[in-house]
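> pasting the sequence and the predicted model now:
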2 protein chains.
Amino acid sequence: MSQTELEKSPHAVLDVVNCTSANLRKVNRLVTQVYDASLRPVGLRATQFNLIATLVKLGDTPLSRLAGVLVMDRTTLTRNLKPLVDKGLIRIDHEEDQRIRIISLTDEGKIVFEEALPFWREAQSQLVEGLGQNRWSAFLDDLRAMIDVVQRE
Amino acid sequence: MSQTELEKSPHAVLDVVNCTSANLRKVNRLVTQVYDASLRPVGLRATQFNLIATLVKLGDTPLSRLAGVLVMDRTTLTRNLKPLVDKGLIRIDHEEDQRIRIISLTDEGKIVFEEALPFWREAQSQLVEGLGQNRWSAFLDDLRAMIDVVQRE
DNA sequence: CTCATGTATGTGTATATACACCTTTATAGA
DNA sequence: TCTATAAAGGTGTATATACACATACATGAG
């Protein structure tokens, strides 16, 4: 009769409480709900707002490059674009190279972004102030460090 | 002709780079992929492993209480249980009160958890060491602080 | 005992995510 | 020129997430 892993390490279950992934997912759920709630008046989700903001910054961008900048799976981006295209906020055009899809903001997309900005700021401030400026800055630094850690592999 | 929000605040787009939600979601995507990849040999996703680990800790638990502990929407939990029930790792029973669903680990669920533990540890170590013990601890503290901030509303 | 109300849960729908696999289009060699 | 390969993208499928709405059951007021 061999001992189970749990009998050998009774603290194993406690360790799992410290799971980086589980804690991240939990925070992500909660924080996403805060931003989604703030942005609801303009009909955007947090993900969609970020996608639009990235396009404002980059200008017209090929799909794969956009996915690279967002550090997002290409096929996820394709799916995320759909509701925005349906709403007329984003346009997808071709280039000479028929393989390449150029993602652009429409005029309405730009307007909606401007409308959404104050609502985004509201959510952002709420969290920055809730955690405190300094601690929030450190937290953001750590998020970026974590990105480096994972991507460096 | 009124100025646009962007013309008034040319740094608005740069601010959005610091979006707590966007950065969290990005890290969450990457970290989830690390844990999913580690756990693939045992056929569990990070979310599923965490769900099982929580059940190991709590024992048989009513659905809504489990959702509360996980800080997860009740309906999300229902959906997340399905693949685990299908695989026979989790069972859903009734109580005397016919409304209540009791979620339990099956014997096979317990076995799979034990098999999964070393793979979880591998992913966990990878991130703890990548970020450094101290910084990782601070990061986890901040995640928990962020949970408090959001829940305190 | 009966019904109004509250509690526990499920379903419909939409989005977010990503892996495996497939199609289309360029391009570099032979 | 022709073709093998690489590059860019899409689709099928499965999971993760949550809001709005619907259902079933329990319980207390009368």
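The structure has been received and is ready for your questions. Residues are numbered from 1 along each chain as shown, chains lettered A, B, ... in the order given.
> tell me who's in contact with residue A:87.
For residue A:87, the contact set (CB atoms under 8 Å, 6 or more residues apart in numbering or on different chains) comprises residue A:43. C-beta: built from backbone N, CA, C; applies to glycine.
> so how many other residues sit close to the residue lying closest to residue A:89 once chain neighbours are set aside?
What sits nearest to residue A:89 in space, not counting adjacent residues and going by CB to CB, 6 or more residues apart in numbering or on different chains, is residue A:109, at 3.6 Å. Using other CB atoms under 10 Å in any protein chain shown, residue A:109 has 20 neighbouring residues.
> what sits against residue A:109?
Residue A:109 sits next to A:52, A:55, A:84, A:88-90 when contact means CB under 8 Å, 6+ apart.
> who does the residue nearest to residue A:106 when sequence neighbours are not counted bridge with?
Spatially, and ignoring its direct neighbours in sequence, residue A:106 is nearest to residue A:91 (5.3 Å; CB to CB, 6+ apart). Counting by DSSP bridges, residue A:91 is bridged to residue A:104.
> and the residue nearest to residue A:89, how far from chain B?
13 Å (CB to the nearest CB, to the nearest Å).
> can you list phi and psi of that residue for me?
Torsion angles at residue A:109 (phi, psi; degrees, to the nearest 10) stand at phi -60, psi -40.
> roughly how far apart are the closest residue to residue A:139 other than its chain neighbours and residue B:149?
Nearest non-adjacent residue to residue A:139, counting by CB to CB, 6+ apart: residue B:142, 4.5 Å away. Residue B:142 sits 10 Å away from residue B:149, going by CB to CB, to the nearest Å.
> next: residue A:82.
From residue A:82 to residue B:149 the distance is 33 Å (CB to CB).
> so for the two, which sits in the more crowded spot?
Comparing residue A:82 with residue B:149 by other CB under 10 Å, the one with more neighbours is residue B:149, at 22 against 11.
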